[in-house]
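# need a structure here:
(4 chains)
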Protein chains: 2
Amino acid sequence: MARMPTVDDVALAAQVSRQTVSNVINAPEIVREQTRQRVQEAIDRLGYRSNASARRLRTRKSSTIGLRLDPLRDGISGAVLDRFVHKLAEQAAARDLRVMIFTATGPEDELAHIRRLRDGSDIDAFILIATFHGDPRIAWLLEHDVPFVSFGRPWGAALDDPRHRWVDVDGRAGVRDATAQLLAAGCGTVAYIGWPSPSGTGDERRAGWEEACGLAADDRIRYQVTTEDGVDQGAISARHLLAMSVPPDAIVCASDSLALGASMAATEGGRGDVAIVGFDNTPVAAAVGLSSIDQPLDDVVAAALTLLFGPEGDTVLPNPLSNEEPTSRLLVPRLVERRSTHRALGETTGARGPGNH
Amino acid sequence: MARMPTVDDVALAAQVSRQTVSNVINAPEIVREQTRQRVQEAIDRLGYRSNASARRLRTRKSSTIGLRLDPLRDGISGAVLDRFVHKLAEQAAARDLRVMIFTATGPEDELAHIRRLRDGSDIDAFILIATFHGDPRIAWLLEHDVPFVSFGRPWGAALDDPRHRWVDVDGRAGVRDATAQLLAAGCGTVAYIGWPSPSGTGDERRAGWEEACGLAADDRIRYQVTTEDGVDQGAISARHLLAMSVPPDAIVCASDSLALGASMAATEGGRGDVAIVGFDNTPVAAAVGLSSIDQPLDDVVAAALTLLFGPEGDTVLPNPLSNEEPTSRLLVPRLVERRSTHRALGETTGARGPGNH
DNA sequence: CCGAATAATTTGATCGATCAAAAAGATCGC
DNA sequence: GCGATCTTTTTGATCGATCAAATTATTCGG
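Here you go, the predicted model:
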């Protein structure tokens, strides 16, 4: 393959200097229109493309975001992050940013990768996903001045370090709204299947149910099952709830895995009328007609990029020193209604919700 | 943040020239051991990291692989590609390669992205996924000398262009083996639910069943259902099969979506004893205990990288001119047994197969 | 102990772009 | 018509590494 043309080749062809060519590309407003056109034409004719490495070397920015892929889960909830990755790739391209992915065996390893990529100026900023209680990554990144934003709020200590930029989805509000919606539609009792505490995300979701369920303290305990995530666990928990003397009319679950299990258990037990709601709106939920609380990932990604790069552009803002600018965003998810809640919520929204295509 | 040290800083500290520092990193064998140690020590002390952009500019290679993420599917099978992405990120890191992801709205758009990334020398090589009948990308990439390998064999025209390097999974063999296994275990009749023709992958899988099912021509037609992919479709098809005068003892499906539907239908109909086998071994299959034919993605990725870069190293081999070297690999998948086939295949492998946990 | 051969190290040029500052060209008031 | 000001374009240096070739150090046979 022939050598790619350089700025000098274009400059020669358009009879200008290389800097003018560079300006046409990076700051067209300072070039006289007539000149700009001549240069642009030469660019098009020669098929010039600026060399990313050279530019990055000179400008000291790579316009690349690093993202560590979460370890594969066997559950079905991993799909949220996959959707996140897609959206990120899409929106990053719109800002002329690139996305580089990598894997790591744990937080320490992840930080080692980040350091390597950062020091080699492979990457300008990172997006952290799946923050957890006592996450060591946040302190480290702040400490080392690595620009980053996390999808997931800080849990535990250092809850409000203003330098930490994060975006998260308000699971509490999501579950609360869904629960309220079911109650308003006439469900007498709404039960909940969730994860054991402490789990940042899980505790929030449960709190949402508690706020909206309208049950007395003792009933709040009876109509709530705590279990690890999983389809089987969901089924077991649902059987337990449905065997109660006054079984619930609806069950809200902390995940689609649990909801899928619950749904199967309800069908098997001849209680297909019980409304079931999952969380995450995974492809599986869509495939089996399970209503689910959907995280607005488009907005999450947009917010994350805005916190990192500002409303537009591809230059990272350094980690802020104080929170004069907002450094976090909490977005509200909403229920996508499908078959599993039709008896309760009616068919107004159609058999297939958004996300179904 | 202080400026990162450069080769010159290290050279000064170790009292050698910058080229020697460079050699310690890239060709340690030509440096005297004593010198090497001194330089290495300086590197460690200063925390030197070579600047990726500068190196790429000079060496004219980016050591980066581009990968277009497939559009999100609503089905549950997209997960295979997600697993592929993970494995790729893992194995690429082991070769000191980076992986850059992007999305596109269609083949044309994808090629535009590829061209841009390639011409800007952002990327050395591409991995194409989800090849299809009449795929325009392959010819274009060959035409433009863009090094690439595809996960998915060529379908249709130009079936054997020796310049095209590809890796694929032998779905025919996978289905054939699974069917044979079921028959050997005592299932009298094994039915099949698959996709309509023409579908490269789908036709292969069906052929595998036809080869192994041992049915006469007319029975091969009766015990085979053709339908679009989807959980609902799987359920409908399975009900049809189970309503036959002599229902099958086992059903092999072209996907986990179909298999999930079939499995639910069988349970509902009180025929939980019918063995069900899916394809792709998605997280959902693992979650609900569905036996499934698993694509050996580790091997797929390893083979793809070997075809692109040779047995080791991070320098791309150009698209070959002829097939003196093998330019493709066809790998055999294998059945992961779970609950859905336990009645038929026994519990020897335990309730949870590999890929669980 | 010398010169040839080999090993180890250094020097100068270069990859392709942008920055910073200087130079040239255009515009304007008076 | 001329300097001051603003706009547009050009020049020289630089980002941080590796390549290619030159230089210096070491080894070894006779």
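# low-scoring stretches of chain A, by residue?
Applying pLDDT under 70 to chain A flags residues A:1-2, A:73-78, A:157-159, A:321-324, A:344, A:346-357.
# helices or strands up against the helix ranked longest in it?
As assigned by DSSP state H, the longest helix anywhere in chain A is helix A:79-94. Applying 3 or more Cβ pairs under 8 Å, 6 or more residues apart in numbering or on different chains; DSSP states H and E, one finds that helix A:79-94 contacts strand A:64-68, strand A:98-102, strand A:125-129, helix A:297-309, helix B:79-94, strand B:98-102. (C-beta placed from N, C-alpha, C; glycine too.)
# got those as CSV, with distance to B:Arg222 and mean neighbour count columns?
Listed next are those as CSV, based on distance: least, Cβ to Cβ, whole Å; neighbours: other Cβ atoms under 10 Å in any protein chain shown:
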stretch, distance to B:Arg222, mean neighbour count
strand A:64-68, 50, 24
strand A:98-102, 47, 23
strand A:125-129, 49, 23
helix A:297-309, 45, 21
helix B:79-94, 30, 21
strand B:98-102, 45, 23
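# possible to save the ones you listed as CSV with distance to B:Leu308?
Formatted as CSV, the helices and strands packed on helix A:79-94 follow (distance: least, Cβ to Cβ, whole Å):
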stretch, distance to B:Leu308
strand A:64-68, 21
strand A:98-102, 17
strand A:125-129, 27
helix A:297-309, 30
helix B:79-94, 10
strand B:98-102, 12
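# quick one: closest of those to A:Arg220.
Across these, A:Arg220 has its closest neighbour in helix A:297-309 (30.4 Å, Cβ to Cβ).
# on that earlier part again, the longest helix of chain A versus strand B:64-68: what angle between them?
110 degrees (axes from the mean of the first three to the mean of the last three Cα atoms, to 10 degrees).
# which residues touch helix A:79-94?
A:65, A:67, A:69-70, A:98-99, A:101, A:127, A:129-130, A:151, A:280, A:282-284, A:295, A:297-298, A:300-302, A:304-305, B:69, B:71-72, B:78-79, B:82, B:101-103, B:113, B:283 (Cβ atoms under 8 Å, 6 or more residues apart in numbering or on different chains).
# how about the residues of chain A by DNA strand D?
Contact residues (Cβ under 7 Å from any atom of the strand) of chain A with DNA strand D: A:15-20, A:23, A:30-32, A:34-35, A:54, A:57-58, A:60.
# and of the residues you listed, the nearest to chain B?
Checking the residues of chain A next to DNA strand D against chain B with Cβ to the nearest Cβ, the nearest one is A:Leu57 at 4.1 Å.
# for that closest one, pull up the helix or strand it's in.
Using DSSP states H and E, the element containing A:Leu57 is helix A:52-59.
# is that helix in proximity to DNA strand C?
Yes - on the criterion Cβ under 7 Å from any atom of the strand, helix A:52-59 is in touch with DNA strand C at A:54-55, A:57-59.
# can you redo these as TSV with neighbour count and distance to A:Ala11?
As requested, the residues of helix A:52-59 next to DNA strand C are exported to TSV (neighbours: other Cβ atoms under 10 Å in any protein chain shown; distance: Cβ to Cβ, whole Å):
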residue	neighbour count	distance to A:Ala11
A:Ala54	18	15
A:Arg55	18	16
A:Leu57	19	20
A:Arg58	12	17
A:Thr59	12	19
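# those also near chain B: which ones?
Applying Cβ under 8 Å from any Cβ of the partner chain to the residues of helix A:52-59 next to DNA strand C, one finds that A:54, A:57 fall near chain B.
# now the residues of helix A:52-59 next to DNA strand C in a markdown table, with distance to A:Ile138?
Shown next, in a markdown table, are those (distance: Cβ to Cβ, whole Å):
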| residue | distance to A:Ile138 |
| --- | --- |
| A:Ala54 | 34 |
| A:Arg55 | 31 |
| A:Leu57 | 30 |
| A:Arg58 | 32 |
| A:Thr59 | 28 |
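# got a list of contacts for the helix or strand containing A:Val39?
Using DSSP H and E, the element containing A:Val39 is helix A:33-46. The contact list for helix A:33-46 (Cβ under 8 Å, 6+ apart) reads A:5, A:9-10, A:13-16, A:20-21, A:24-25, A:28, A:31, A:48.
# got a quick PyMOL command for the buried subset of these?
Only the buried entries of those go into this PyMOL selection, using 16 or more other Cβ atoms under 10 Å in any protein chain shown:
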select buried, chain A and resi 5+9+10+13+14+16+20+21+24+25+31+48
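# ok, and of the contacts of helix A:33-46, which contact chain B?
Okay, of the contacts of helix A:33-46, nothing touches chain B (Cβ under 8 Å from any Cβ).
# which one is the closest residue to chain B within the stretch 101-250 of chain A nearest to, not counting chain neighbours?
Residue nearest to chain B within the stretch 101-250 of chain A (Cβ to the nearest Cβ): A:Asp119, separated by 3.7 Å. Closest residue in space to A:Asp119, ignoring its immediate chain neighbours: B:Arg49 at 3.7 Å, by Cβ to Cβ, 6 or more residues apart in numbering or on different chains.
# before we move on, what about A:Ser291?
Closest to A:Ser291 by Cβ to Cβ, 6+ apart is A:Thr341, at 4.2 Å.
# which of the residues in the host helix or strand of A:Ala178 are buried?
For A:Ala178, the element it lies in under DSSP H and E is helix A:171-184. Residues A:171-183 are the ones in helix A:171-184 that count as buried (16+ other Cβ under 10 Å).
# can you lay out those residues as JSON lines showing distance to A:Pro311?
Converted to JSON lines, these look like this (distance: Cβ to Cβ, whole Å):
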{"residue": "A:Gly171", "distance to A:Pro311": "27"}
{"residue": "A:Arg172", "distance to A:Pro311": "28"}
{"residue": "A:Ala173", "distance to A:Pro311": "25"}
{"residue": "A:Gly174", "distance to A:Pro311": "27"}
{"residue": "A:Val175", "distance to A:Pro311": "31"}
{"residue": "A:Arg176", "distance to A:Pro311": "31"}
{"residue": "A:Asp177", "distance to A:Pro311": "29"}
{"residue": "A:Ala178", "distance to A:Pro311": "32"}
{"residue": "A:Thr179", "distance to A:Pro311": "35"}
{"residue": "A:Ala180", "distance to A:Pro311": "34"}
{"residue": "A:Gln181", "distance to A:Pro311": "34"}
{"residue": "A:Leu182", "distance to A:Pro311": "38"}
{"residue": "A:Leu183", "distance to A:Pro311": "40"}
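# got the contact list for the residue nearest to A:Ser291?
A:Thr341 makes contact with A:182, A:250, A:275-277, A:291, according to Cβ under 8 Å, 6+ apart.
# in strands, which of those residues fall?
Under the assignment DSSP state E, the contacts of A:Thr341 contribute A:250, A:275-277, A:291 to strands.
# pipe these into a markdown table and attach neighbour count per row.
Listed next are the ones in strands among the contacts of A:Thr341 as a markdown table, based on neighbours: other Cβ atoms under 10 Å in any protein chain shown:
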| residue | neighbour count |
| --- | --- |
| A:Ala250 | 28 |
| A:Ala275 | 25 |
| A:Ile276 | 32 |
| A:Val277 | 33 |
| A:Ser291 | 30 |
